[in-house]
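Participant: Dropping a prediction and its sequence here:
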Amino acid sequence: MADSPKNPSKDQNRKLFWGMLGLGLIALIAIGLLYSLPLFDLLIAISLLIVASFLIRFLIFSPISENPEQREDSETINTDLDATARLADSFNEAILTVSPRQKIIYLNKSARSLFPKAQMGQSLNSVLRHPGVKDLVDNVIEGRPAEPIIFSLQTPVEQYYRITASSIDGPIPGDPTRRSRVILVLYNVTDIERANTLRADFLANASHELKTPIASLLGYIETLRGHAKDDPQARDQFLGIMQQQAERMQRLISDLLSLRRIEQTEHIAPMETSDIYLAARAAKEAVAPMAENRKVKTKYSGPKSLPVIGAQDELVQLILNIVDNAVQMSPPGSKVLIEGSILSNWQPGDGFASDQLGPDSARRRIIEPPATGKDYAILRIRDSGPGFAREHLPRLTERFYRIAGDRSSREKGTGLGLAIVKHIILRHRGGLLIETAEGVGTEFVLLLPVAPRQTNETSQASKINT
Amino acid sequence: MLPRSMIEIETNISELSDTLTDLAACVELMLSDSMTALRQFNLPLAQEISQRDIQANNMQRQIDEDALRIMTLKNLPATQIRKVINSVKIANDLERVGDLAEGIARRIRFLTADSSPNLTSGIERMGKQVAQQLSHALDALSRDNSVTAVQVWIADEDIDELYNALFRELLTYMMEDPQNITHCTNLLFMAKNLERIGDHATNIAESVYFTLTGVPLIEDEMIIKFMDEQNRGTT
């Protein structure tokens, strides 16, 4: 056992002991030789030394070196409850235990983070607000069959849980006054529920939105096969339109697919660190050819590094959607401004720049950042396009919502750009504010949680900006 | 040791708040079920909602009776009186929410099943937001959180704007084609009901705030800041 490679510290201690003993002996012999003590005295000195070293060994080293296994065992027995709690904490599923009178007596780690305000002794139905919960627990206590229930949480994003319950103490025979405690396990079924609704939505949206371009394609094909058969001029013109329609359908499908992908993962916040400045630069480069065509300039100002918690390619998609819109809306010769900065200690109501678009602008907080007091990286994207009326603001990020009379967007856009923007922001637990003034322009304000590790850099960045 | 009368008061009030939470849970489910029924055109589910409304009404009556009984108890402290009155008010709001959700469910069968998905999606969207509002207001109640109550109050503005936008949209559909009128009118009533539910959620938030702070919610610092911002652009 002593040579077991698992216990290097034990080996070391043993070596130390023999080393000390050896040194002691040599020293003693040296002293003996120097003072030429009689042999008897030397023997006594040696035995004293041995006793002393054994004492040292047991008093000082033994608790660590001798029997760690045994020590651990006794600890396990002594702190059995602690270990059970640790075991329950290690589950991803939220686990709650309730007394027979449906008061909470235990919450594991996941349950505590799911219901941060729940307290011991609180009644179960005030934590899990669902009319079926009470019956579920009662059924379990009475030993009746208990169907699991689906419970939905609204904050911060919609989540669904399947709740199963089982009795801890089992039936207590012959004693109707004693009732069992009940353990409830919450399985996260958001993925399944979401997949179901998304599939239905996707089919409905896709079929509805593709109906129109397909009908028009069919119309042109019919014409080309019929009376425009031998008209080369009409044929060229029609093929051009048909290509545009087909391209639009392609864009529509790819937008629908990416929207669906983001929605599906929306309840899982990204973990990695990305740089929103790099994302803005990538978006700027991507729109450069179109901007040049339209004689619109794009300009970035702010720190050259803005690390945030986020997925880089989603951030690029997010900014690209807004910048692309802004460039399309801007009149020739104007500028699209992108401003990056850091906002420390965010408070509800913060975020809008002061009066950039005049005093009569309409403002709307589409998504409030969820965490008060945290630091957010801000990106403002401002165009000097036509703006729009206040009444459109609440519905702007709705999929397929189009501002009535806006013919150009009907032709070019898929109507999904801002819906994608919204869902990326939601997934990133960020914020989205819009300010617009008719005839002056529109400003989009994006807020994304600052990555925690680069505290030095971010504080530097905020210094530059304030 | 607490005197017997104190224990009696405590048990009675905790029973009252238990019934209130039950009512809240019931009504919340009615609202979310009405939206599911609308989305799936699920008529049996709509029927179930009507059944639940009877339960909700009974619970509200129960709360009224219990509250009356508690008020006759001796030595009732002032904070508890506020709590009891608050429970009665909130129960009243919740019962109305139940009726409105039932009203939505009742109209589903008058809709034409094969109508454009875009028409009902506006209602669903609004329904989701209203359900969230109600859920937050009830969270504020169960967690004694005045900040959440303030947030609910502020977000009601959103629902009003959403309702106005929806109203205008439905009106255009009706003008486009008179055949849409029946369908759209039903949807309009649903939107109106949802908007009313949002108002009741705000009422609940106001009651919660007042019980916790003793000050009307309108006088909250954040509300004043918000109102200032809101007045921009409208004048």
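Facilitator: Thanks, I have the structure now. Residues are numbered from 1 along each chain as shown, chains lettered A, B, ... in the order given.
Participant: Could you list every helix and strand in contact with the helix or strand in which residue A:280 is found?
Facilitator: Residue A:280 is part of helix A:276-293 when elements are defined by DSSP states H and E. Packing contacts for helix A:276-293, counted by 3 or more CB pairs under 8 Å, 6 or more residues apart in numbering or on different chains; DSSP states H and E, involve strand A:297-301, helix A:312-329, strand A:335-343, strand A:376-383. Yep, even glycine has a C-beta here, placed from its N, CA and C like the rest.
Participant: Make a markdown table from the ones you listed and add distance to chain B, mean pLDDT and mean neighbour count to it.
Facilitator: Converted to a markdown table, those look like this (distance: least, CB to the nearest CB, whole Å; pLDDT from 0 to 100; neighbours: other CB atoms under 10 Å in any protein chain shown):
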| stretch | distance to chain B | mean pLDDT | mean neighbour count |
| --- | --- | --- | --- |
| strand A:297-301 | 25 | 92 | 15 |
| helix A:312-329 | 19 | 91 | 22 |
| strand A:335-343 | 17 | 92 | 21 |
| strand A:376-383 | 17 | 92 | 24 |
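Participant: Going by neighbour count, list what's buried in the lengthiest helix in chain A.
Facilitator: Secondary structure of chain A per DSSP state H: the longest helix is helix A:190-225. Neighbour-count burial for helix A:190-225 flags A:190, A:193-194, A:201, A:204-206, A:209, A:213, A:217, A:220, A:224 (criterion: 16 or more other CB atoms under 10 Å in any protein chain shown).
Participant: out of those, which one sits closest to chain B?
Facilitator: residue A:204 (4.2 Å; CB to the nearest CB).
Participant: How many neighbouring residues does residue A:359 have?
Facilitator: Neighbourhood size, residue A:359 [other CB atoms under 10 Å in any protein chain shown]: 9.
Participant: for chain B, which spans come out with low pLDDT?
Facilitator: Scanning chain B with the threshold set as pLDDT under 70 gives B:1-3, B:113-118, B:229-235.
Participant: Specify the local secondary structure of the residue nearest to residue B:125 when sequence neighbours are not counted.
Facilitator: If the residues on either side of it in the chain are set aside, residue B:125 comes closest to residue A:398, at 6.5 Å by CB to CB, 6 or more residues apart in numbering or on different chains. Here residue A:398 is recorded as coil under DSSP: H, G, I helix; E, B strand; the rest coil.
Participant: cool, residue A:179 as well?
Facilitator: Per three-state DSSP, residue A:179 ends up coil.
Participant: is it true that it touches residue A:137?
Facilitator: No - using CB atoms under 8 Å, residue A:179 makes no contact with residue A:137, being 10.2 Å away.
Participant: circling back to that earlier point, got the helices and strands packed on helix A:276-293 as a markdown table, with distance to residue A:440 columns?
Facilitator: As requested, these are exported to a markdown table (distance: least, CB to CB, whole Å):
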| stretch | distance to residue A:440 |
| --- | --- |
| strand A:297-301 | 18 |
| helix A:312-329 | 12 |
| strand A:335-343 | 13 |
| strand A:376-383 | 10 |
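Participant: mind checking which of the ones you listed is nearest residue A:250?
Facilitator: helix A:312-329 (16.4 Å; CB to CB).
Participant: how far off helix A:276-293 does that closest one point, in degrees?
Facilitator: 30 degrees (axes from the mean of the first three to the mean of the last three CA atoms, to 10 degrees).
Participant: can you state the direction angle for helix A:312-329 and strand A:335-343?
Facilitator: Using the same axes, to 10 degrees, helix A:312-329 lies at 140 degrees relative to strand A:335-343.
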